[in-house]
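[1] Just need the structure, nothing else, for what follows:
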Amino acid sequence: MDSVQLAVFASRVAAVCDEMGAVLRRTAFSPNIRDRLDFSCAVFDAAGGLVAQAAHIPVHLGSMAYAMEGVVSGFQWQPGDVVVFNDPFLGGTHLPDVTLVAPVFSGERLIGFAANRAHHADIGAASPGSMPLSRSLHDEGVVIPPARLYAAGAHEAAEQERITAATRNPRRAAADLAAQVSAVRAGAARLAELAGRLGAEAYAEAVAALNGYAERLVRSALAEIPDGRYTFADALDDDGQGRRDLPIRVAVTVAGDAVGVDFRGSAGQVDGNVNCPLPVTAAGIRPGRASASAPQTASTTRLLVSTL
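    Predicted structure coming up:
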């Protein structure tokens, strides 16, 4: 694949993500999604590696990229499936951020996934809002392990009822879930069309070429940073449960085109709900979008993960 073909492919997969975002924004009910734009959309390969993303919320996208490989390996996917989850221990962020994933097929071959993550106004916390004063995860709302919301196109109404019944406005929660479903279905349809035009093999080769280019681009950018060890320290005021001045320390070691990030010396887990899941930590240190023509991909997200 030459550079022109690669640039066109990168723009096409990025446009799929942009369209998903437009569908989600225009059909959602929650002002968090519709007005505050607290949502993110991305497409992944058949193994759950990131292919492309829209310019949405970095912490959503980085943590989704960390989580997807584990999520997609847990199902026997069929056309028409839609899986929902928000569990922070399985690649979520905090409970109001609900993720939906739909598989993409070219013929009978699974070629990838369309996914979005959106912040719901209420997820059933002990008090309204996203961060109640809490000591346990379940005080923060309903925990959704990866589960089918649609199975081969059939709506799993009981699963949706389990989620929405825990909220203060089940109708609005159901409407926002429907908006997310519409968005992943739009993304899956567009990705299937693209793979259909290219052919499944050519599509897979283009994804590999895009990942290779992205890795070269990011390593080149990292190599421009002077070698050395860079440190910084700060603190959170408190955790809402009596712990104050929680230290956050980081040491970044640069050696050529490799970077190591060390958080030793930071506070351990606390009683309040300010603990940071590993996928969110990974999202915070990963390289962002390298250029307008090169969306963040699986290779760029892997570069720093092993250094946590």
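
[2] ok, and the helix or strand in the chain with the lowest average confidence?
    In the chain, no helix or strand scores lower on mean pLDDT, DSSP states H and E than helix 298-302, which sits at a mean of 43.

[3] what ranges do the helices span in the stretch 101-250 of the chain?
    Counting by DSSP state H, counting those that start in this stretch, residue ranges of the helices within the stretch 101-250 of the chain are 157-164, 170-198, 200-223.

[4] can you give me the strands in the protein?
    Secondary structure of the chain by DSSP state E: the strands cover 39-45, 50-53, 82-85, 97-106, 109-119, 147-151, 154-155, 228-238, 244-255, 258-262.

[5] What pairs with the last one, parallel or antiparallel?
    On the basis of DSSP bridges, the sheet neighbours of strand 258-262 come out as strand 244-255 (antiparallel).

[6] what's the answer for the second one, then?
    The strands that strand 50-53 pairs with in its sheet are strand 39-45 (antiparallel) (by DSSP bridges).

[7] Please state the offset of the partner strand from the chain centre?
    Relative to the centre of its chain, strand 39-45 is centred 7 Å away, using C-alpha atoms, centre = their mean, to the nearest Å.

[8] Please work out which residues outside it touch it.
    When contacts are defined by C-beta atoms under 8 Å, 6 or more residues apart in numbering, strand 39-45 is touched by residues 13, 16-18, 20-21, 24-25, 28, 33, 50-54, 56-57, 60-61, 64-65, 68, 72, 104, 111-119, 183, 187, 191, 204, 207, 298. All C-beta atoms are positioned from the backbone trio N, CA, C, and that covers glycine.

[9] Okay, angle between that strand and strand 97-106 too, please.
    30 degrees (axes from the mean of the first three to the mean of the last three C-alpha atoms, to 10 degrees).

[10] Tally up the residues packed near Val4, please.
    Neighbourhood size, Val4 [other C-beta atoms under 10 Å]: 8.

[11] how near is it to Ser11?
    Using C-beta to C-beta, to the nearest Å, Val4 is found at 11 Å from Ser11.

[12] residue with max distance from the center of the protein?
    For the chain, the largest distance from the centre (C-alpha atoms, centre = their mean) belongs to Gly242, which lies 31.7 Å off.

[13] Now for the residue nearest to that residue when sequence neighbours are not counted: which residues touch it?
    Excluding the flanking residues, the one nearest Gly242 by C-beta to C-beta, 6 or more residues apart in numbering is Asp271, at 7.4 Å. Asp271 makes contact with Arg135, Asp239, Gln241, Gly242, Arg243, according to C-beta under 8 Å, 6+ apart.

[14] Got a ChimeraX select line for the buried ones in those?
    This is the ChimeraX syntax for the buried subset of the contacts of Asp271, where burial follows 16 or more other C-beta atoms under 10 Å:
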select :239
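
[15] and which of the contacts of Asp271 is nearest to Arg148?
    Within the contacts of Asp271, proximity to Arg148 (C-beta to C-beta) peaks at Arg135, which comes in at 31.3 Å.

[16] Next one: the most centrally placed residue in the chain from Asp257, what distance?
    Nearest to the mean C-alpha position of the chain, counting by C-alpha atoms, centre = their mean, stands Met64 at 2.5 Å. According to C-beta to C-beta, Met64 stands 25 Å off from Asp257.

[17] for Phe29, same thing?
    Remark: distance between Phe29 and Asp257 (C-beta to C-beta) = 46 Å.

[18] Would you check that Val143 makes contact with Asp87?
    Yes: counting by C-beta atoms under 8 Å, Val143 touches Asp87, with 5.6 Å between them.

[19] okay, now Arg249: neighbour count?
    Other residues within reach of Arg249, judged by other C-beta under 10 Å, total 15.

[20] same question, Gln160
    Per other C-beta under 10 Å, the neighbour tally for Gln160 reads 20.

[21] Name all residues that make contact with it.
    Here Gln160 is in contact with Leu149, Ala174, Leu177 (C-beta under 8 Å, 6+ apart).

[22] so which of those residues is the most crowded?
    Taking other C-beta under 10 Å as the neighbour criterion, Leu149 ranks highest of the contacts of Gln160 with 25 neighbours.

[23] which residues sit in contact with that one?
    Contacts for Leu149 (C-beta under 8 Å, 6+ apart) come out as Val82, Val83, Val84, Leu100, His155, Glu156, Glu159, Gln160, Leu177, Val181.

[24] which residues touch the last one?
    Taking C-beta under 8 Å, 6+ apart as the contact definition, Val181 lies against Val82, Leu100, Ala102, Leu149, Tyr150.

[25] Then the first one?
    Listed by C-beta under 8 Å, 6+ apart, the contact set of Val82 reads Leu100, Val101, Ala102, Arg148, Leu149, Tyr150, Val181, Val184, Arg185.

[26] Mind doing that once more with 6 Å?
    Listed by C-beta atoms under 6 Å, 6 or more residues apart in numbering, the contact set of Val82 reads Leu100, Ala102, Leu149, Tyr150, Val181.
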